[in-house]
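> Got a sequence here, can you build the structure:
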Amino acid sequence: MLTAKIGKVVKILVCGMKGVGKTALIEQLVYGNINAETELHATIEDIYSSSVDTGRGGCRETIRIYDIAGLQGEQALPRHYLNFPDAFVMVYDPIDPRSLDMLADIKMDIDKHKEKKEVPVIVLANVHARCKFNSNTPGLNPVEIILDRANIWCQRERIKHYTVNAMERPSLYEPFLVLCARLHPPQTKSTFPQLRVMQSRQKSEA
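This is a model prediction of the structure:
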């Protein structure tokens, strides 16, 4: 007998420039089956579903993660992808400053189409093996420079910025758990007895 209640379905769109590792991040998060030898092909559009236990009376929420084709050049995020998501995950590669610059344009488009509703957005810097550098190289680490730029921009935009690694599944837990918590805030129940207690306290304090 099924006892779990069916909750709402929330939709998360993962977007960014082509080749930054969006599909690898999602596959690692959902299945944990990505390693350095895994062969991935260019994405057109894939949808991943996952069931999350909210801890509220056995209710489980379904999360659908939309993996779409990476953007190139001056290409903008297609408009139909801006209207339906409940949250956005924007991904960039910190060895390619163009991938970070593209996120600024995507964020502007999201803000234009969110229709005054609160739409959570987080940014993931996919730091992986290609980001390793020679510590003996003089001057500043270019990866750290891009990460600093991203942190400053995210603070200005008031969005969360995380450094993750598609090859390391545990690095993906925090950003998605935080995002899910925003999408599934705990519900507070108000009852008339509680209201009467609050009113009586206010009268006694007056």
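> which ones are touching the closest residue in space to residue 92 that isn't next to it in sequence?
Excluding its sequence neighbours, the residue lying closest to residue 92 (C-beta to C-beta, 6 or more residues apart in numbering) is residue 99, at 4.0 Å. Just so you know, the C-beta spots here come from the backbone N, C-alpha and C atoms, and that holds for glycine as well. Residue 99 sits next to 16, 17, 20, 92, 93 when contact means C-beta atoms under 8 Å, 6 or more residues apart in numbering.
> The second one contacts residue 73, doesn't it?
To tie it back to what came earlier, the one meant is residue 17. No: assessed by C-beta atoms under 8 Å, residue 17 is found out of contact with residue 73, at 9.4 Å.
> More neighbours: which of these two?
Legend: neighbour count by other C-beta atoms under 10 Å for residue 17 and residue 73, higher for residue 17 (23 against 8).
> For the most centrally placed residue in the chain, give me the pLDDT.
Centroid check for the chain by C-alpha atoms, centre = their mean gives residue 89 as the closest residue, at 3.3 Å. pLDDT, residue 89: 97.
> For residue 81, state which of the contacts of residue 99 is nearest.
Nearest to residue 81 among these, counting by C-beta to C-beta, is residue 16 at 12.1 Å.
> out of the contacts of residue 99, which is most surrounded?
Using other C-beta under 10 Å as the neighbour criterion, residue 20 leads the contacts of residue 99 with 28 neighbours.
> secondary structure class for it?
Three-state assignment for residue 20 (DSSP: H, G, I helix; E, B strand; the rest coil): coil.
> My guess is it contacts residue 95. True?
No: contact criterion C-beta under 8 Å: residue 20 and residue 95 do not qualify, at 9.8 Å.
> For residue 114, which non-adjacent residue is closest in space?
Per C-beta to C-beta, 6+ apart, closest to residue 114 is residue 82, 7.9 Å.
> residue ranges of the helices in the chain, please?
Assigned by DSSP state H, the helices in the chain fall at 22-30, 80-83, 97-113, 142-157, 170-183, 192-205.
> Report the buried residues of stretch 147-154.
By neighbour count on 16 or more other C-beta atoms under 10 Å, the buried set for stretch 147-154 is 147, 150, 153, 154.
> picking up where we left off before, could you check how many residues crowd around the residue nearest to residue 114?
21.
> Distance of it relative to residue 13?
9 Å (C-beta to C-beta, to the nearest Å).
> now do residue 152
Going from residue 152 to residue 13 by C-beta to C-beta gives 24 Å.
> one step back: next one: the residue nearest to residue 92 from residue 20, what distance?
Counting by C-beta to C-beta, the separation of residue 99 from residue 20 is 5 Å.
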